[in-house]
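Whatever this is, show me its structure:
(one chain, ligands or ions: 1)
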Amino acid sequence: MEPTTYIWMNGRLVAWEEATVHVLSHGLHYGTGVFEGIRAYETDRGAAIFRLTDHMERLVRGAKALGIPLTWSVDDLVKAAKELFAANGLRSGYVRPLVFYGTGSMGLNPAGASVEAIIAAWEWGAYLGEEGLRNGITVGVSSWRRISHEALLPNAKATGAYVNSVLAKQEALAAGYDEAILLNAEGHIAEGSGENLFLVRDGVVSTPPVAAGCLEGITAHTVRTLLVEDGYEVVERNLTRTDLYYADELFFTGTAAEVTPIREVDRRPVGLGEPGPVTRRAQELFMATATGRLGRHEEWLDFV
Ligand code: PPE
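Below is the predicted model of the structure:
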């Protein structure tokens, strides 16, 4: 990752190297924080941050769910992200907001700890590789189960909860796969380590419900909306491991991953072992929307 010039930290722009935290920060010890991942794309009207307000709303919702008293509003954070992006002179890239408990309290009870907010931005290429975007990636079903609604909040981007994703990702890479698919405790498909999953069979597109333990993905919402407008049937339902093996097409969606085709699952080719027509269409529609070429859904573009 190439450093940029500034990081927004608690209301002001500070030099990249100076955006540091104390080692006794509560969030560092107990994973008490929430974060976001947002992409900005180059359009013919300059850089546009994609669904910026939706991402900041999810951040604020997550902070509320975790009981983190955040003083910054969605509007404040939207303004800050745009200011930071412009100050760094970026044309496209990734925006990473993070809210966490700082110093002032040790022990589990965070009462008395400061609440810190930062936003960073940098250039970021294809999350699962250019080659993955083009020809598809390989995935394996993880031995790790997705965190449950009984123990944590799978539908919040809580920092500590990502240990679950990290374990699954490392296991997948060690086994020679590009990415993991996590089942939930009941054996239904939840999602990838940092992506939502879509499956196509006989022309019908399916994706797991939030109740199955996935994040309410903003890219997933975007892709669903675009596919439905394109005439596809998209249904939300519980999916099993067999569904993966019987699928004609599988693909991941995520801010970082964009729309990434899956060409192999547990060493079995998906369909013909190459990205299928619905996956290709989803990629095309998504990129056209995010770069302002679609001519619809301009409400999703926040020009810097
Ligand atoms: N599930 C998980 C667990 C997840 O982390 C993400 C985003 C998604 C689904 C897709 O959500 P959305 O971005 O709203 O479409 N993962 C972020 C973090 C990746 C990372 O390595 O860090 C991202 O894509 O920015």
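
so residue 213 touches residue 189, yeah?
No - contact criterion Cβ atoms under 8 Å: residue 213 and residue 189 do not qualify, at 9.2 Å. All C-beta spots, glycine's among them, are computed from the backbone N, C-alpha and C.

Next, show the common contact partners of the two.
The contact sets of residue 213 and residue 189 overlap at residue 182 (Cβ atoms under 8 Å, 6 or more residues apart in numbering).

what about residue 224, distance to residue 46?
Distance of residue 224 to residue 46, computed by Cβ to Cβ, to the nearest Å: 28 Å.

For those two, indicate the residue with more neighbours.
The neighbour comparison of residue 224 against residue 46 (other Cβ atoms under 10 Å) goes to residue 224, with 21 against 12.

Spit out the contact partners of that one.
Residue 224 touches 205, 207, 234, counting by Cβ under 8 Å, 6+ apart.

Adding neighbour count, write these out as TSV.
Conversion of the contacts of residue 224 to TSV gives the following (neighbours: other Cβ atoms under 10 Å):
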residue	neighbour count
205	21
207	22
234	18
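
Nearest to residue 94 among the residues you listed?
Comparing the contacts of residue 224 against residue 94 with Cβ to Cβ places residue 207 closest, at 23.7 Å.

is the ligand contacted by the helix or strand hosting residue 131?
Using DSSP states H and E, residue 131 falls within helix 130-135. No - using Cβ under 6 Å from any ligand atom, helix 130-135 stays clear of the ligand, coming no nearer than 13.9 Å.

ok, and what's touching that helix?
126, 178, 258, 260, 261, 263, 274, 275, 283.

Which pLDDT does the model give the first one?
Put plainly, it is residue 126. pLDDT for residue 126: 90.

Show me how the protein divides into domains.
6-122, 130-290 (automatic domain parsing).

which residues sit in contact with the residue of the chain found nearest the ligand?
Per Cβ to the nearest ligand atom, the residue of the chain with the smallest distance to the ligand is residue 37, at 2.1 Å. The neighbours of residue 37, taking Cβ under 8 Å, 6+ apart as the test, are 55, 94, 95, 96, 157, 254, 255, 256.

And it, how far from residue 214?
Residue 37 is 15 Å from residue 214, by Cβ to Cβ.

Show me what from the stretch 51-200 of the chain comes close to the ligand.
Within the stretch 51-200 of the chain, the positions near the ligand by Cβ under 6 Å from any ligand atom are 165, 191, 194, 195, 196.

Helices of the protein, start to end?
26-30, 52-66, 74-87, 130-135, 163-174, 218-229, 241-246, 277-290 (DSSP state H).

could I get the ones you listed as TSV with distance to residue 120?
TSV is the format used below for these (distance: least, Cβ to Cβ, whole Å):
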stretch	distance to residue 120
helix 26-30	15
helix 52-66	14
helix 74-87	8
helix 130-135	23
helix 163-174	19
helix 218-229	19
helix 241-246	35
helix 277-290	20
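
related to what we said a few turns ago, send the alpha carbons of the helix holding residue 131 over as CSV?
Extracted as CSV, the C-alpha positions of helix 130-135 are listed here (Å, rounded to 0.1, in the frame of the first residue of the first chain):
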residue,chain,number,x,y,z
GLU,A,130,-6.7,-8.5,-11.7
GLU,A,131,-6.5,-12.1,-13.0
GLY,A,132,-9.3,-13.0,-10.5
LEU,A,133,-11.6,-10.3,-11.8
ARG,A,134,-11.0,-11.5,-15.4
ASN,A,135,-11.0,-15.2,-15.1
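
buried residues in that helix?
By neighbour count on 16 or more other Cβ atoms under 10 Å, the buried set for helix 130-135 is 132, 133.

Also stretch 96-113?
By 16+ other Cβ under 10 Å, the buried positions in stretch 96-113 come out as 96, 97, 98, 99, 100, 101, 102, 103, 110, 113.

Strands - which of these land there?
Residues of the buried residues of stretch 96-113 located in strands (DSSP state E): 96, 97, 98, 99, 100, 101.

export those residues to TSV and tack on distance to residue 241 and pLDDT?
Formatted as TSV, these follow (distance: Cβ to Cβ, whole Å; pLDDT from 0 to 100):
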residue	distance to residue 241	pLDDT
96	33	98
97	35	98
98	34	98
99	36	98
100	36	98
101	38	98
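
Return the member of those residues nearest to residue 291.
Nearest to residue 291 among those, with distances taken as Cβ to Cβ, is residue 96, at 20.7 Å.

what pairs with that closest one across the strands?
Beta-bridge pairing of residue 96 under DSSP bridges involves residue 120.

162 is where my numbering starts, stick with that
All set: I'll call the first residue 162, so the last point we hit is now residue 257.

residues near residue 248, how many?
Residues near residue 248, counting by other Cβ under 10 Å, number 15.
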